[in-house]
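Asks: Got a sequence here, can you model it:
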Amino acid sequence: MTLSFRSKLLASHVALVLVAGSIALFTLDRALAADLVRQLDQRLEDQGKGAIEWAEGGKRHPDRITTRIANIVEAEVTLFEKDGTVLGASSPEARTDIGPELAAAQAGSVGRATRRRDGRDFHYVAVPGSEGTVLRLAQPLSEVNETVAAMRRRLLFASTLAVLVAIVLGILASRVASRPLSEMTTTATRLARGDFDAPIPEGDRDEFGVLWRALKSLASQLKARIGELVEEGDRLQRLMTVRRDFVANVSHELRTPVTSIQGYAETLLRKDTPPETRHQFLEVIHRQAQRIGALVEQLLALSELEARGRDDLARESVSVLSVARHVAETVAGHAEDRSVTVDVEGVDGSALVFADPEGVERALLNLVDNAVTYGKAGGNVTVTAVTTTERGREGVAIIVADDGEGIEPQHLPRIFERFYRVDSGRSRQHGGAGLGLAIVKHLIESMDGSIEVESEVGKGTRFRVTLPAPRPSMRRI
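Replies: Numbers count the residues shown, from 1 in each chain. Have a look, this model is predicted:
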């Protein structure tokens, strides 16, 4: 059977009281008996020394004198000659009771002895006289034993009463001492069940107070840690969902061009394919291969961006106008095919951003190319850049706008998601996989920037990219 802390505390308290009481009772009993015997011994010695001269003067009637002395001192008296012969005794038993106390007295010192006779304990004191005689006084220890027994009964009663009082006090003390521990056990059980909001007091300034505060700190740490683990679990779950969707989307994107390439290639393997059909099929295969290549390139770019940390970016002061002009030159051929004008005159020549030059160019190129691709044929694409201050932070706002069909409001919150298309049919027609804007968003955020989109159906779309400006000291350099 397992005992509670309170029961163990009470049992140890009672055991301690019993052991201490027993030791005290035994010590007092022995000390009292020894003290009474010592008092009796001293009294008999004093009486013997006082009566020895009287006894030596009455040697002619030794029995009479010993009897008279015995009546006076209330003890058994025996008178010995110097050779040990009994001259007189106050009782017949005394004549034959010879012990070591006689030899000690004959040697000139006071002889003492305690022994049992006729079922009773006697204490003997032998006193030597000036003429060589020895006067011995003996008294039974029954009175001493009765006194000790009576005192022992009183001590036992007092000890029993003290033990009962100690038990009552021990019960109260154990209850008081175990209450904080019981409360801690209840609180710890609630914490173990996940109830981290269980009330935990500060406690007093004693050891239990230290435990309360340690338990409170532990609860806070557990709550924070478990919260982190839950968030980490949710994050991993979301990551697994994203990866699963990612694999499904990639597979879906690759299935169509791969199927087309496989079908057209099988047709070309036939020997009776007309030359004009062969040429047409080869163009389809080439176009689908380009589509796969573009998808792979975008996937590699996205993977590279996710693997690269912010500290890996080579940031420096970048001229927005220089980047915009380079981008306009890059998309010039594409813009010419669609009769689209790319205007970068709205870019402030003094606008500088503190970012990765390659990242800025890649993001801006993607936005401008999308504007040319999905904008109105024969329309205009404008790129503007102005300095701005948001939340006490100086930066540059780069805006890419087109005058195309626009994007419906329900698509805007998801436009930066991977593989998300506003118009899947039109996107595939232009070779898009829905990764471009996801790459742009990742690029901009890795450079401590932000990107927003505004669109109105029938009027066009505006992408606003905000990047931090260089610090004044860097501009002077």
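
Asks: Can I take it that residue 109 is in a strand?
Replies: No. Counting by DSSP: H, G, I helix; E, B strand; the rest coil, one finds residue 109 to be coil, located in no strand.

Asks: Isn't it up against residue 128?
Replies: Yes. At 7.4 Å, residue 109 counts as touching residue 128 under the criterion of Cβ atoms under 8 Å. Quick note: C-beta positions are derived from backbone N, CA and C, even for glycine.

Asks: Of the two, give the one with the bigger neighbour count.
Replies: For residue 109 versus residue 128, neighbours defined as other Cβ atoms under 10 Å are more numerous around residue 128 (23 against 11).

Asks: Tell me who's in contact with the more buried one.
Replies: Counting by Cβ atoms under 8 Å, 6 or more residues apart in numbering, residue 128 makes contact with 52, 105-106, 108-110, 134.

Asks: how about 6 Å then?
Replies: Shown in contact with residue 128 (Cβ atoms under 6 Å, 6 or more residues apart in numbering): 105, 108, 134.

Asks: which non-adjacent residue is nearest it?
Replies: In space, and not counting its chain neighbours, residue 128 is closest to residue 105: 4.7 Å by Cβ to Cβ, 6 or more residues apart in numbering.

Asks: Just give me the neighbour total for that neighbour.
Replies: Counted with other Cβ under 10 Å, residue 105 comes out at 26.

Asks: Which segments of this protein make up each domain?
Replies: Structural domains assigned to the chain are 5-153, 200-307, 311-476, following automatic domain parsing.

Asks: Now tabulate these in JSON lines and tack on distance to residue 168.
Replies: JSON lines is the format used below for those (distance: least, Cβ to Cβ, whole Å):
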{"stretch": "domain 5-153", "distance to residue 168": "11"}
{"stretch": "domain 200-307", "distance to residue 168": "23"}
{"stretch": "domain 311-476", "distance to residue 168": "71"}
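
Asks: Number of residues surrounding residue 93?
Replies: 14.

Asks: Residue 375 too?
Replies: 23.

Asks: Pull the contacting residues for it.
Replies: So residue 375 contacts 381, 402, 404 (Cβ under 6 Å, 6+ apart).

Asks: any idea whether the first one is helix, strand or coil?
Replies: The assignment at residue 381 comes out as strand when based on three-state DSSP.

Asks: Surely it touches residue 402?
Replies: Yes. Using Cβ atoms under 6 Å, residue 381 is in contact with residue 402, at 5.0 Å.

Asks: Distance of residue 279 relative to residue 239?
Replies: With the distance defined as Cβ to Cβ, to the nearest Å, residue 279 ends up 46 Å from residue 239.

Asks: Endpoints of stretch 92-101, how far apart?
Replies: Using Cα to Cα, to the nearest Å, the end-to-end distance of stretch 92-101 comes to 19 Å.

Asks: Can you mark which positions in stretch 382-399 are buried?
Replies: Within stretch 382-399, the residues that qualify as buried by neighbour count (16 or more other Cβ atoms under 10 Å) are 382-385, 395-399.

Asks: so how far is it from its chain's centroid?
Replies: 48 Å (Cα atoms, centre = their mean, to the nearest Å).

Asks: CA-only coordinates of that stretch in PDB, if you can.
Replies: Extracted in PDB, the C-alpha atoms of stretch 382-399 (Å, rounded to 0.1, in the frame of the first residue of the first chain):
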ATOM      1  CA  THR A 382       4.000  52.400 -68.500                       C
ATOM      2  CA  VAL A 383       6.700  52.100 -65.900                       C
ATOM      3  CA  THR A 384       6.900  54.900 -63.300                       C
ATOM      4  CA  ALA A 385       9.100  55.200 -60.200                       C
ATOM      5  CA  VAL A 386       8.900  57.900 -57.500                       C
ATOM      6  CA  THR A 387      10.400  58.200 -54.000                       C
ATOM      7  CA  THR A 388       8.000  57.700 -51.100                       C
ATOM      8  CA  THR A 389       8.000  57.500 -47.300                       C
ATOM      9  CA  GLU A 390       5.900  54.800 -45.600                       C
ATOM     10  CA  ARG A 391       5.900  54.300 -41.800                       C
ATOM     11  CA  GLY A 392       8.900  56.600 -41.400                       C
ATOM     12  CA  ARG A 393      10.900  54.500 -43.900                       C
ATOM     13  CA  GLU A 394      12.200  56.000 -47.200                       C
ATOM     14  CA  GLY A 395      11.800  54.000 -50.300                       C
ATOM     15  CA  VAL A 396      10.900  53.900 -54.000                       C
ATOM     16  CA  ALA A 397       7.600  52.900 -55.500                       C
ATOM     17  CA  ILE A 398       7.800  51.300 -58.900                       C
ATOM     18  CA  ILE A 399       4.500  51.000 -60.800                       C
END
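
Asks: which residues touch it?
Replies: For stretch 382-399, contacts defined as Cβ under 6 Å, 6+ apart pick out 320, 324, 343-344, 346-348, 351, 353, 400-401, 462, 464-469.

Asks: what pLDDT, on average, does stretch 466-477 get?
Replies: In this model, stretch 466-477 has a mean pLDDT of 70.

Asks: who's in contact with residue 238?
Replies: With Cβ under 6 Å, 6+ apart, residue 238 has no contacts at all.

Asks: which SSE is it in?
Replies: Element membership of residue 238 [criterion: DSSP states H and E] is helix 207-268.
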